[in-house]
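Student: sequence first, predicted model second:
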Amino acid sequence: MSMRTAGPALASRAADLWHRTAPWRWLTPSTVLIACVVGFPALYMVWMSFLDVSRIGLVRGVAGLDNYVRLLREDALGLVVGNTLLWLVIVVGLTMLLSLALAQFLSKDFFGRKFVRLALVVPWATSLVMTATVWRFIYEGGNGLLNRLLMDLSIISAPVDWYKDPSTALYSIMAVGIITSMPFTTYVLLSGLQTVPHDVLEAAKIDGASAWASWRRVTLPILRPSLMIALVLNMLHVFNAFTVIWVIMGKTSGNHADTTVTWLYKIAFTAQLDAGEAAALGVLNVVFLLLLILAFVLVLRPHRNPAAGDSAPATPPAAPAEERPTVSPRRPAAATRNRPVLMRAGRGWTRIRPVVLPVIGFAVAMFFIAPYAAMLFGSLKTDAELFAVPANYLPDSWAWSNYADVWQRIPLADYFRVSLTIALASTALVLVVAAPAAYVLARSSFRGRTAFLSVILVTQMFPAVALLVGLYRQALLVDGINSYGVIIAINAAFNLAFAVWILHAHFSSIPVEIDEAAMMDGLGKFRIMLRMILPLAAPGLVTVMIFTFIQVWNEFVIALTLFNDPASGRVPLTVGVQQFIGLYETNYQYLFAAALMAIVPAVILFALIEKHLVSGLTAGSTK
């Protein structure tokens, strides 16, 4: 090849390479963030599980399998594993059953349905630290509201130490776990129920099918993908539950209410200070999570079109013919014989339905709001009233001064400042990183697209608590303990997946002709995204901003571990509130006042975007 032809050929190949690698340049920020904040801590935690690490964190050499052997010989292992399995089965099982019933109820049209849905938002949007704090107060022994209520109803004759008694502690916390898991699960199932065609249900009714037969043969097959999404995400969430158990149990000794996640924290940071053994337990936890993720992928994507290729957008698989909803009409004679009875029952139900459904709905709403009403009334009691035996339901003298006094009793202004700084910075970082990734995923088909989406899925599946030991050691390596940069990067990385899914859905809905017209006017892709696409996707941007802000605002376990320095005024609100829960006495009235000031704005923001959240999560999960 002559020099005259070699130059253009090289230039052509360079241009082709530049064009083919363009999508990955857009994905570089998100890839780097995931690799540094998720990938490296995960690998480092595996490496640490084979090291001999001293109580002060010094690596003394390779330990081989000693950490795993020592973990398996722990006296508490059997109890903790049993607690974990019991916690997982009962909380997930009851959450799914109750949420399915509640979703069926909310799928009906009745007066006050919007109020019930907003009531469900409250425990979903509220920080688990705040929710667990009020439940700890409700469960208190001699003066707790639950004991008072049950004794007033003559159900029990003496107070019960709900979270202090080993025989009731775990089950008491399970109840809180179910209540806090139900809102998300209900919304996912409600979203699935809204996809059931009404004409199919009407056809089943005309054919004489009973309500149970219609639900089993029509509704359930269509609802199956949503059920699987809710089931797997619930298992992941419940398995990694830390905050509810930790806040309610506090400094209570023993392992009678520990799961593998809380026990890992005790091994690493409080009781044993054994990073190697904690890393071994973390690896086993991650293996279990990987098995759940594998089950999730196999169940929700059992079929794949090989002709589509790696670059084809992932879409939910069609149900096999044998799984599609079918309606088998009953025998005509049976249908004719039962129709008069069904018609009379239907007319009777039509008369009472406008009254019964709103009453049930109001009762459901009050059930979810009641703990926060207890928080409100508790924040307005004096210290004497709060700990009076027996406890009062309502304040005798409404102590509004508690809302002013709390600013002196607790360094609340510093807590708010720190949380606001971290939440705003993390939200900004998520938007900067997620927008280019979502745009190129929505506008380009390229090799590795599905692989990147799978990585995003894994980061959504793994909460930060699963990699806690690795994250802590990484922060030590970069001198990042109590560093704003580290805590902001971690929060951004673990909220990136949802942001990419939501923005990808909104970008995909914008006609590609807008991009083509802008290119003809001389705009490059980045300016097109900035000037044309982002303004049109404003609802998605607002949803991502509010959701990310609330998630970071409510985050607890990473802040407790990596960003907790009272001497320097670096304590987020969730950690600060939890630290004022004492072993023998807690000034709940001040904690409740602080908690409500943090809860109300978060609930209002969450209510504004709740209709967008489930669609984003379910769409992302099926991709």
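Tutor: Received, thanks.
Student: and the helices in the stretch 1-150 of the chain, which stretches?
Tutor: 3-20, 22-34, 40-48, 66-72, 77-106, 113-125, 128-138, 145-152 (DSSP state H, counting those that start in this stretch).
Student: closest one to residue 360 among the ones you listed?
Tutor: Among the helices of the stretch 1-150 of the chain, helix 77-106 comes nearest to residue 360, with 6.9 Å by C-beta to C-beta. C-beta coordinates here come from the backbone N, C-alpha and C atoms, glycine included.
Student: which other helices and strands contact the closest one?
Tutor: Secondary-structure packing of helix 77-106 (3 or more C-beta pairs under 8 Å, 6 or more residues apart in numbering; DSSP states H and E): helix 113-125, helix 169-193, helix 220-239, helix 260-265, helix 332-379.
Student: apply 7 Å and report the result again.
Tutor: Counting by 3 or more C-beta pairs under 7 Å, 6 or more residues apart in numbering; DSSP states H and E, the packing neighbours recorded for helix 77-106 are helix 113-125, helix 169-193, helix 220-239, helix 260-265.
Student: is residue 246 in a helix, a strand, or coil?
Tutor: What DSSP: H, G, I helix; E, B strand; the rest coil gives for residue 246 is helix.
Student: can you pull the contacts of it?
Tutor: Shown in contact with residue 246 (C-beta atoms under 7 Å, 6 or more residues apart in numbering): residue 262.
Student: list the contacts for the residue nearest to residue 98 when sequence neighbours are not counted?
Tutor: Ranked by C-beta to C-beta, 6 or more residues apart in numbering and with sequence neighbours excluded, the top spatial neighbour of residue 98 is residue 182, at 5.9 Å. Shown in contact with residue 182 (C-beta under 7 Å, 6+ apart): 95, 98, 99, 102.
Student: could you do residue 489 as well?
Tutor: Counting by C-beta under 7 Å, 6+ apart, residue 489 touches 33, 37.
Student: next one: residue 591
Tutor: 133, 577, 580.
Student: only alpha carbons, please: show stretch 74-88 as PDB.
Tutor: Below are the C-alpha coordinates for stretch 74-88, written out as PDB (Å, rounded to 0.1, in the frame of the first residue of the first chain):
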ATOM      1  CA  GLU A  74     -19.500 -19.200  65.900                       C
ATOM      2  CA  ASP A  75     -22.000 -20.200  68.600                       C
ATOM      3  CA  ALA A  76     -24.500 -17.600  67.400                       C
ATOM      4  CA  LEU A  77     -24.400 -18.700  63.700                       C
ATOM      5  CA  GLY A  78     -27.300 -21.200  64.000                       C
ATOM      6  CA  LEU A  79     -29.500 -18.700  65.800                       C
ATOM      7  CA  VAL A  80     -28.700 -15.900  63.400                       C
ATOM      8  CA  VAL A  81     -29.200 -18.000  60.300                       C
ATOM      9  CA  GLY A  82     -32.500 -19.300  61.700                       C
ATOM     10  CA  ASN A  83     -33.600 -15.800  62.500                       C
ATOM     11  CA  THR A  84     -32.700 -14.700  58.900                       C
ATOM     12  CA  LEU A  85     -34.700 -17.500  57.300                       C
ATOM     13  CA  LEU A  86     -37.700 -16.900  59.500                       C
ATOM     14  CA  TRP A  87     -37.500 -13.200  59.000                       C
ATOM     15  CA  LEU A  88     -37.300 -13.700  55.200                       C
END
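Student: thinking again about what came up before, and the two most separated of the contacts of residue 182?
Tutor: 95 and 102 (10.3 Å).
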